[in-house]
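A.B. asks: take a look and give me a structure for this.
(one chain, ligands or ions: 1)
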Amino acid sequence: MITAYAPGRVNLIGDHTDYSGGLVCPMAVDLGTTVRLEPGGPTLTLDSDTFAGTAVIDVDIDDPASVTPPWGRYVAGVVSVLRPTIGGRGAVTSTLPVGAGLSSSAALEVAVALAIGADPADPVRLARDCQRAEQLASGVPCGIMDQLVSVAGIEGHVLLIDCASLTWHAVRVPAGVDVVVAHSGEARALVGSAYAERRAAVEAAADLLGVGLREAGPVEVGSLRDPVMRRRARHVVSENRRVAEFAAALDRRDLGAAGELMLESHASLRDDFEVSTPALDALVDRLARAPGVWGARLTGAGFGGCVVALAEPGATERLGLARSWSVHPSAGARRG
Ligand code: GLA
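C.D. replies: Numbers count the residues shown, from 1 in each chain. All right, here's what the predicted structure looks like:
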């Protein structure tokens, strides 16, 4: 019997920057997905404690997006990328809340990949393979952040990831800081088409400038004529700066500065990148006004889903949030 585990993640700052080679600052969380597998046979057959239906995937599957039940598409995506020669029979169990924006699909992909023989010694390759699996399964042209931090997470730390070089640097989360994820009550909507549209705008801006947005500054952004494209690019360029400043602030335990940068990030995602919703804005506002909360922002793709806050332990409990989780920075995926 093979056992593989992969954690979910929350991104503290740096959203919609990964797919243009920018900076992100996520952490793996202490909630995740386990795959237990008895290898053998020409199909991979998995049951889930979270989703209905058994996923039965041929090892030579070539159209993961058509698989039913839908959760099996992520398993099929991994199989179609890794091409194992034998299948197996087993079960998926998860402590990750469904639809909470904690990257349960990335955790599933990474755990399946390790269970069917991917090499954990090459974290970038493993993350790239799982990113490809996610793209094939969902049709969303996602970046690499979720899969990479699920693979490479470090206990007690956030990872400052440079998505151009795919290198990272661990920054300790100071003692006495609670990372809280709170659901807005809105399921993420339009993520597929709106995400692809935002990514296309960022790529078009870089094409027009003839330089990647990672290298661009306010002057280049200001030269873009189209006002929508200019706002999208301004978000990415300013967010990359905020991520670097956030990591430095966390490193020197300046939680006031870190929290302020989170609020600025939210405003930029709301006004320039336009991926927030009134419910996300209201939740960030409520958290930001609460005593003992340093900062809050929407996290992940946006269009609904969750916000993340940095707070003194217990500070957010007084707010009586409907669905919230206090999460601990954790180690990445492992076999056995
Ligand atoms: C989703 C994608 C990531 C990233 C975020 C936004 O989570 O999977 O690659 O682009 O949205 O930062």
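A.B. asks: how about the residues of the stretch 151-300 of the chain by the ligand?
C.D. replies: With Cβ under 6 Å from any ligand atom as the criterion, the stretch 151-300 of the chain comes near the ligand at residues Gly300. All C-beta atoms are positioned from the backbone trio N, CA, C, and that covers glycine.
A.B. asks: where does the stretch 151-300 of the chain get nearest to the ligand, which residue?
C.D. replies: For the stretch 151-300 of the chain, the nearest residue to the ligand under the criterion Cβ to the nearest ligand atom is Gly300, separated by 4.4 Å.
A.B. asks: contacts only, for the closest residue to that residue other than its chain neighbours.
C.D. replies: Beyond its immediate neighbours in the sequence, the residue positioned closest to Gly300 (Cβ to Cβ, 6 or more residues apart in numbering) is Gly101, lying 4.6 Å away. Taking Cβ atoms under 8 Å, 6 or more residues apart in numbering, we find Gly101 in contact with 10, 181, 183, 188, 299-300, 305-306.
A.B. asks: now name the helix or strand holding the most centrally placed residue in the chain.
C.D. replies: Nearest residue to the geometric centre of the chain (Cα atoms, centre = their mean): Asp146, 3.5 Å. Element membership of Asp146 [criterion: DSSP states H and E] is helix 145-152.
A.B. asks: ok, now Val35?
C.D. replies: When elements are defined using DSSP H and E, Val35 is found to belong to strand 26-39.
A.B. asks: where do the helices of the stretch 101-250 of the chain begin and end?
C.D. replies: Defined through DSSP state H, counting those that start in this stretch, the helices belonging to the stretch 101-250 of the chain, from first to last, are 104-115, 123-138, 145-152, 191-209, 218-222, 227-251.
A.B. asks: Throw those into TSV and include mean pLDDT, thanks.
C.D. replies: Conversion of these to TSV gives the following (pLDDT from 0 to 100):
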stretch	mean pLDDT
helix 104-115	97
helix 123-138	97
helix 145-152	98
helix 191-209	93
helix 218-222	95
helix 227-251	98
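A.B. asks: show the backbone phi and psi for the residue nearest to Gly72 when sequence neighbours are not counted.
C.D. replies: Across the structure, with Cβ to Cβ, 6+ apart as the measure, the residue nearest Gly72 apart from its sequence neighbours is Ala55 (3.0 Å). Per-residue torsions, Ala55: phi -90, psi 120 (degrees, to the nearest 10).
A.B. asks: before we move on, what about the one 5 residues further on?
C.D. replies: Taking degrees, to the nearest 10, you get phi -110, psi 30 for the backbone angles of Asp60.
A.B. asks: can you count the residues close to it?
C.D. replies: Counted with other Cβ atoms under 10 Å, residues neighbouring Asp60 total 12.
A.B. asks: could you tell me which residues of the stretch 1-150 of the chain lie near the ligand?
C.D. replies: If contact is defined as Cβ under 6 Å from any ligand atom, the residues of the stretch 1-150 of the chain in contact with the ligand are 15-16, 18-19, 142-143, 145-146.
A.B. asks: can you name the two of these that are farthest apart?
C.D. replies: When these are compared pair by pair using Cβ to Cβ, the farthest-apart members prove to be His16 and Asp146, with a separation of 12.9 Å.
A.B. asks: TSV for the contacts of Gly101, including distance to Ala127 and pLDDT?
C.D. replies: Formatted as TSV, the contacts of Gly101 follow (distance: Cβ to Cβ, whole Å; pLDDT from 0 to 100):
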residue	distance to Ala127	pLDDT
Val10	17	98
Val181	22	97
His183	26	95
Arg188	22	77
Thr299	19	97
Gly300	17	95
Gly305	22	92
Cys306	22	94
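A.B. asks: how near is Thr34 to the ligand?
C.D. replies: Distance from Thr34 to the ligand, counting by Cβ to the nearest ligand atom, to the nearest Å: 21 Å.
A.B. asks: and for that residue, the neighbour number?
C.D. replies: Using other Cβ under 10 Å, Thr34 has 18 neighbouring residues.
A.B. asks: isn't it up against Tyr5?
C.D. replies: Yes: contact criterion Cβ atoms under 8 Å: Thr34 and Tyr5 qualify, at 4.8 Å.
A.B. asks: spell out which residues are contacts of both of these two.
C.D. replies: Applying Cβ under 8 Å, 6+ apart, one finds that Thr34 and Tyr5 are jointly contacted by Ala111.
A.B. asks: please point out which parts of stretch 274-284 sit buried.
C.D. replies: Applying a neighbour-count criterion of 16 or more other Cβ atoms under 10 Å, one finds 275-277, 279-281, 283-284 buried in stretch 274-284.
A.B. asks: now the residue nearest to the centre of the chain: closest residue in space that isn't a chain neighbour?
C.D. replies: Distance criterion Cβ to Cβ, 6+ apart; nearest residue to Asp146, sequence neighbours excluded, is Ala106 at 3.8 Å.
A.B. asks: what's near enough to touch that neighbour?
C.D. replies: For Ala106, the contacting residues are 6, 8-9, 130, 134, 146-147, 150, by Cβ under 8 Å, 6+ apart.
A.B. asks: 7 Å instead, please
C.D. replies: Under the criterion of Cβ atoms under 7 Å, 6 or more residues apart in numbering, the contact partners of Ala106 comprise 9, 130, 134, 146-147, 150.
A.B. asks: can you tell me which of those residues is nearest Gly72?
C.D. replies: Ranked by distance to Gly72 (Cβ to Cβ), the contacts of Ala106 are led by Glu134 at 13.7 Å.
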